[in-house]
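Enquirer: this one's structure only:
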């Protein structure tokens, strides 16, 4: 069995988890094992039906009111118990902020290896293989894990969600957290206003850097994102460190890793830290007044010019095109 941990936010399954489940189903088919999913919390029956339509043959629901909000210690504890019971071949997670927090904790608890931020999986000689970028995206490493279960986090926007329906059999288990197992609890989640798409799950990312000169300039990027479907605003570390935009928008090695269909970089020089977080984007368009900016080495299309002239012109053209 290949088990996929499913993230739920505001009653909806995160797209990155459906992508991980889709990849689990494909590899499970090659290995002739079942693809399963695990949900934590209560009132999740409708989500089990959705997971079945996405390829989950079995959906484990670990019920405990304390798990309605994510708890690193509590989630790792109950998942370790489930894994000991069902002994899956592998466990997949989305390489989201939550997945990157949970998977290493679980790996340490189980004493097994972890393949992180994978951009490809495969089956060779009856064994799973994982491919992940190294050296800030300049090379790729393919590895096989000797320990069992094999844990892996899968980069969002790289894998296709499952499109083959399965039984989706629901298996409910009431779980108990021992006293002291949870050191901290989430009491409330405050999201940004406007319901903006998370930058790691957006299909189009419009990022700005120090070349935007001031925090007010990010409004230009917000206006672009409002025009384009499934778009989000990102930023370089320098822009975030300057306080121009929140850390949740940061793209890079110390921020979020993104793999959108289109990445627009305005006023970003292309430091190696930033490139590590966006170099797997399918199409990269860079705008910078410095023709020697490193960002142009990874860009599919580059424009040498003033972002304050190019952004308004681009916005006007997009409005005309989308209005037709």
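Expert: Thanks, I have the structure now. This structure is a prediction, so every number in the text was calculated from the model and none was measured.
Enquirer: where along the stretch 51-200 of the chain do the strands fall?
Expert: According to DSSP state E, counting those that start in this stretch, the stretch 51-200 of the chain carries its strands in the segments 58-63, 90-94, 114-118, 120-124, 127-134, 139-143, 150-154, 169-174.
Enquirer: The first one versus strand 169-174: what angle between them?
Expert: Which is strand 58-63. Regarding strand 58-63 and strand 169-174, their directions subtend 20 degrees when assessed with axes from the mean of the first three to the mean of the last three Cα atoms, to 10 degrees.
Enquirer: For stretch 256-266, give the mean pLDDT please.
Expert: Throughout stretch 256-266, pLDDT has a mean value of 93.
Enquirer: if I read this right, residue 95 contacts residue 259, doesn't it?
Expert: No: in terms of Cβ atoms under 8 Å, residue 95 does not count as a neighbour of residue 259; the distance is 9.7 Å. Every residue, glycine included, has its C-beta placed from N, CA and C.
Enquirer: Can you classify residue 205 as helix, strand or coil?
Expert: Put simply, residue 205 is strand when judged by DSSP: H, G, I helix; E, B strand; the rest coil.
Enquirer: residues touching residue 247, list them.
Expert: When contacts are counted by Cβ atoms under 8 Å, 6 or more residues apart in numbering, residue 247 touches 240, 255.
Enquirer: and what of residue 35?
Expert: Shown in contact with residue 35 (Cβ under 8 Å, 6+ apart): 1-2, 4, 21, 24-25, 28-29, 55-57, 162, 166.
Enquirer: As a check, name the ranges of all strands in the stretch 201-324 of the chain.
Expert: Shown for the stretch 201-324 of the chain, the strands assigned by DSSP E, counting those that start in this stretch span residues 204-208, 231-235, 262-266, 283-288, 301-304.
Enquirer: any chance of the strands of the stretch 51-200 of the chain in a markdown table, with mean pLDDT and mean neighbour count too?
Expert: Shown next, in a markdown table, are these (pLDDT from 0 to 100; neighbours: other Cβ atoms under 10 Å):
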| stretch | mean pLDDT | mean neighbour count |
| --- | --- | --- |
| strand 58-63 | 95 | 22 |
| strand 90-94 | 97 | 28 |
| strand 114-118 | 95 | 21 |
| strand 120-124 | 96 | 15 |
| strand 127-134 | 94 | 17 |
| strand 139-143 | 93 | 12 |
| strand 150-154 | 97 | 27 |
| strand 169-174 | 93 | 14 |
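Enquirer: Please consider this matter closed, and thank you.
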